[in-house]
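Engineer: model the following, please.
(2 chains)
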Protein chains: 2
Amino acid sequence: MPEKVYVTYNDVHKLCQEAAPKILEEFQPQLIIAIGGGGYVPARILRSFLKRPGSTNIPIQAIGLSLYETLTGAADAEVEEPGTKVTRTQWLDLSALGEMDNLVGKRVLIVDEVDDTRTTLEYAVKELEKDVEVARARLGGAETQFSIFVLHNKDKTKKGTLPHNMVEQGRYLAARTVSDVWICYPWEAVDIDEHDKHAQEQNADGRKLNGDA
Amino acid sequence: MPEKVYVTYNDVHKLCQEAAPKILEEFQPQLIIAIGGGGYVPARILRSFLKRPGSTNIPIQAIGLSLYETLTGAADAEVEEPGTKVTRTQWLDLSALGEMDNLVGKRVLIVDEVDDTRTTLEYAVKELEKDVEVARARLGGAETQFSIFVLHNKDKTKKGTLPHNMVEQGRYLAARTVSDVWICYPWEAVDIDEHDKHAQEQNADGRKLNGDA
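Structural biologist: This is a model prediction of the structure:
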């Protein structure tokens, strides 16, 4: 059983806040794509910090991806085993985006909470690129530039590979890189006060990996 | 200038937690539709509390609706005036849903953070119903049952009207009903510690309207 690390909502908020200037400077996104459900919260927070005075908000599109879940164990103590097969539960809304046309030549920031095995991120980038290329073949125009933001990257052997050496090319930003711990996000907490207490204890122990740098 | 009321992330978390049993009992949703961006955070939290042991998560689909924003005032002190024209920035993904077919006969919970003028909610329900009816006319089947969850309902004259007397018929749940105050949600806070401090002061004053009932 890996070590559990507790992340509070305010930690998540501050990680997004801290990352925003770098994202604005380096990625300059024109559209956020949130990978649901884990990307919903950071994407919404990030939008606040990416808003420039006098401009409208950067639009968010949500996509739903889930690794095939295997439920094991007793009913009240089940564990979701990370799988390798990605299924789409929601994809981009082609009508609002004009059948991918509006993505052509844009700078798009993909947001998720954690980069664990990288399987989901690989799927997201590759499938989005595929769809955009179809539109670009028809329309012409510049290439779409994808970048990635996650709250936490787990430092481990990845099953997925990002195209174009995105990590090495600086198209990838993780607010924190952590070891292969069990990250407890607040939106999954059954008792949020207890959750925060755990986080505080870890902080006091110097084991904290979030929040104030 | 209306009174400002500060809502913390943990308040939002607890409002969702508190509402979940009632939602499970009365609405029994099979699909969550989150109205973005404000619905993202409560929808994601709610999903945790709506999960039943041994079952998979209730899927979330996100739609993006925004009231036309008019930006006024100085660059660093702008105010978004609530408008009356709703624009779609994202709609349901027809491919993953099987062209609305999968919505026919389902129980669908629409989630947003606040019911202010009710304009957005009216638009969401009516447009969703319209699309579902097209599918149902082709396929047959039972009617789709929509219900609504919001964190806060503002007790004021509404511009929008929900069909089928949803409010009176018990298809509408607001975790809290508040007066026409300015609700400060945490995901918009520039300084989250300051934000929490304001919330705590309000709590001490007995002016708090969230969190523990």
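Engineer: show me which helix runs longest in chain A.
Structural biologist: helix A:119-139 (DSSP state H).
Engineer: run the chain-centre distance for that one.
Structural biologist: 17 Å (C-alpha atoms, centre = their mean, to the nearest Å).
Engineer: which parts of chain A are helices?
Structural biologist: Here chain A has its helices, by DSSP H, at A:9-26, A:40-50, A:94-97, A:119-139, A:192-204.
Engineer: would JSON lines of those helices with mean pLDDT and mean neighbour count be doable?
Structural biologist: (Each C-beta comes from the backbone N, C-alpha and C, glycine too.) Shown next, in JSON lines, are the helices of chain A (pLDDT from 0 to 100; neighbours: other C-beta atoms under 10 Å in any protein chain shown):
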{"stretch": "helix A:9-26", "mean pLDDT": "98", "mean neighbour count": "19"}
{"stretch": "helix A:40-50", "mean pLDDT": "98", "mean neighbour count": "26"}
{"stretch": "helix A:94-97", "mean pLDDT": "62", "mean neighbour count": "16"}
{"stretch": "helix A:119-139", "mean pLDDT": "92", "mean neighbour count": "18"}
{"stretch": "helix A:192-204", "mean pLDDT": "94", "mean neighbour count": "16"}
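Engineer: which stretch among the ones you listed comes nearest B:R44?
Structural biologist: Checking these against B:R44 by C-beta to C-beta gives helix A:40-50 as the closest, at 4.4 Å.
Engineer: which helices and strands does the closest one pack with?
Structural biologist: Judged by 3 or more C-beta pairs under 8 Å, 6 or more residues apart in numbering or on different chains; DSSP states H and E, helix A:40-50 is in contact with helix A:9-26, strand A:31-36, strand A:60-67, strand A:107-115, strand A:145-154, helix B:40-50.
Engineer: same thing but 6 Å
Structural biologist: Counting by 3 or more C-beta pairs under 6 Å, 6 or more residues apart in numbering or on different chains; DSSP states H and E, the packing neighbours recorded for helix A:40-50 are helix A:9-26, strand A:31-36, strand A:107-115, helix B:40-50.
Engineer: figure out which of the ones you listed is closest to A:A204.
Structural biologist: For those, the distance to A:A204 is smallest for helix A:9-26, at 14.6 Å, taking C-beta to C-beta.
Engineer: what inclination does the closest one have with respect to helix B:192-204?
Structural biologist: Angle between the axes of helix A:9-26 and helix B:192-204 is 150 degrees (criterion: axes from the mean of the first three to the mean of the last three C-alpha atoms, to 10 degrees).
Engineer: not counting its own residues, what contacts helix A:9-26?
Structural biologist: With contacts defined as C-beta atoms under 6 Å, 6 or more residues apart in numbering or on different chains, helix A:9-26 is touched by A:P42, A:I45, A:L46, A:F49, A:L50, A:L151, A:A175, A:P186, A:N210, A:G211, B:Y9, B:I192.
Engineer: ramachandran coordinates for A:V7?
Structural biologist: Main-chain dihedrals, A:V7, degrees, to the nearest 10: phi -110, psi 130.
Engineer: how close does it sit to A:A19?
Structural biologist: Between A:V7 and A:A19 the distance, using C-beta to C-beta, to the nearest Å, works out to 14 Å.
Engineer: now do A:V134
Structural biologist: 31 Å.
Engineer: which bits of chain A sit near chain B?
Structural biologist: By C-beta under 6 Å from any C-beta of the partner chain, the residues of chain A that approach chain B are A:9-10, A:13, A:36-37, A:40-41, A:44-45, A:47-48, A:53-54, A:59-62, A:75-76, A:88-91, A:93, A:95-96, A:187-188, A:192.
Engineer: for A:Q145, give me its contacts.
Structural biologist: Contacts of A:Q145 by C-beta under 6 Å, 6+ apart are A:R107.
Engineer: now do it against chain B, distance only.
Structural biologist: 21 Å (C-beta to the nearest C-beta, to the nearest Å).
Engineer: same check on A:Y123?
Structural biologist: According to C-beta to the nearest C-beta, A:Y123 and chain B sit 14 Å apart.
Engineer: do the same with A:F27
Structural biologist: Between A:F27 and chain B the distance is 19 Å, computed by C-beta to the nearest C-beta.
Engineer: give the contact list for that residue.
Structural biologist: Applying C-beta under 6 Å, 6+ apart, the residues contacting A:F27 are A:L109, A:S147.
Engineer: if you set the cut-off to 10 Å instead, what comes out?
Structural biologist: Each residue near A:F27 by C-beta atoms under 10 Å, 6 or more residues apart in numbering or on different chains is listed here: A:50, A:107-109, A:145-149, A:170-173.
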